[in-house]
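Participant: The following comprises the amino acid sequence and a computationally predicted model.
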Amino acid sequence: MATTPPLASDALTGNALIAAPFSAGHGKTSVDVPAHACDCHIHVYDSRYPAVPGARLTPSDASVADYRRLQCRTGTERAVFVTPSTYGTDNRPMLAGLSAFGAQGRGVAVVDPAITQADLEAMHLAGVRGIRINLSLGVGSHADQIEPLAHRMADLGWHIQLLAPADALVGMRDMLYRLPVAVVFDHFGRINPSMQGRHPAHALITALLKEGRAWLKLSGSYIVTEQGPPGYDDVASLAHSYLQAAPERIVWGSDWPHASATAGHQALPDDAQQMYLLSQWLEGPQMLKRVLVDNPADLYGFPSTDSTP
């Protein structure tokens, strides 16, 4: 039976309830979030930069200052900025956000295959650690770009972050095994809970995780759920299937500012609730630290144990 979790306290900061733009609810998460916790999937939007023609999601401006307010609710310190489909291969909004956020940020870019090696190296210095291929909503991204780009960025230690429909993933199986870099599947691999154990894409993702060839983001519960809020109960089993396959290859992301939800495609999630749900999928504080701190440090190159950013 679905349950409503004790998601966020109504704790006060000063005289004002903690709230953040583009996030439902208020109050800080009830979870004891470990120091250096990382939100591994966020976007920034800035109307000073034009949307690419054909963009399907064009949300309102969402800034680093807005996101800092969300961190007061979720308890995270680090963040990974991902160029959204809105901007195509224009990484300026992501890079500006990454610069404003500082040393506790990392980035994932969307690039044109003709990008120069000098530009890739400049982005590395700015904190970028991967390239995203979005075959679900992306404009101009194609599966045949993955392998050439993977070879070009292998020496940088980057990864391919992949979002693709389940059927398309299965068709890319052989290519994914040939890649010289790791693959990071975001949004639960874009697998709906009812597909768990039934669709070959789920078996492919879990196999790649077990073999150390892939990582997976527990991000976007509100996107993949078939039951919906408040508990997203159907997502728990899917999360457990990935955690059991390779707990050392799993990270978490809020997907703030939830562009598809603000466009009306789903209910806007409560991000303090999402942190609580994550804690319920994991077995104790050590696993929470692994997913929020240790695994992101390994994947994105954050310091793993000391107090430096």
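Facilitator: Great, that's in hand. Residues are numbered from 1 along each chain as shown.

Participant: Please report how far the spatially closest residue to residue 147 that is not a sequence neighbour lies from residue 155.
Facilitator: Computed as CB to CB, 6 or more residues apart in numbering, the closest residue to residue 147 that is not its neighbour in sequence is residue 175, at 5.8 Å. All C-beta atoms are positioned from the backbone trio N, CA, C, and that covers glycine. Distance, residue 175 to residue 155, using CB to CB, to the nearest Å: 20 Å.

Participant: by contact count, what packs against the helix of greatest length in the chain?
Facilitator: Longest helix in the chain by number of residues (criterion: DSSP state H): helix 233-245. Counting by 3 or more CB pairs under 8 Å, 6 or more residues apart in numbering; DSSP states H and E, the packing neighbours recorded for helix 233-245 are helix 200-210, strand 214-219, helix 221-224, helix 271-281.

Participant: swap the cut-off to 7 Å and go again
Facilitator: Packing partners of helix 233-245 (3 or more CB pairs under 7 Å, 6 or more residues apart in numbering; DSSP states H and E): helix 200-210, helix 271-281.

Participant: Just the buried positions in it, please.
Facilitator: Across helix 233-245, burial judged by 16 or more other CB atoms under 10 Å covers 233, 234, 235, 238, 239, 241, 242, 243, 245.

Participant: got a list of contacts for it?
Facilitator: With contacts defined as CB atoms under 7 Å, 6 or more residues apart in numbering, helix 233-245 is touched by 2, 188, 191, 193, 196, 206, 209-210, 216, 218, 221, 224-227, 250, 281.

Participant: what are the ranges of the strands in the stretch 101-250 of the chain?
Facilitator: Remark: strands assigned in the stretch 101-250 of the chain by DSSP state E, counting those that start in this stretch are 105-109, 128-134, 159-163, 183-185, 214-219, 250-253.

Participant: Parallel or antiparallel, list what pairs with the longest one.
Facilitator: Strand 128-134 pairs in its sheet with strand 105-109 (parallel), strand 159-163 (parallel), by DSSP bridges.

Participant: so how far is the last one off the chain centroid?
Facilitator: Taking the mean C-alpha point of strand 159-163 and that of its whole chain, the gap between them comes to 10 Å (CA atoms, centre = their mean, to the nearest Å).

Participant: neighbouring contacts of it?
Facilitator: Strand 159-163 is contacted by residues 108, 130-136, 146, 150, 179, 181-187, 190 when judged by CB under 7 Å, 6+ apart.

Participant: Using PDB, list the CA coordinates for that strand.
Facilitator: Extracted C-alpha coordinates of strand 159-163, given in PDB (Å, rounded to 0.1, in the frame of the first residue of the first chain):
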ATOM      1  CA  HIS A 159      32.500   9.500 -19.700                       C
ATOM      2  CA  ILE A 160      29.500   9.400 -22.000                       C
ATOM      3  CA  GLN A 161      26.200  10.300 -20.300                       C
ATOM      4  CA  LEU A 162      23.400   8.600 -22.300                       C
ATOM      5  CA  LEU A 163      19.700   9.200 -22.300                       C
END
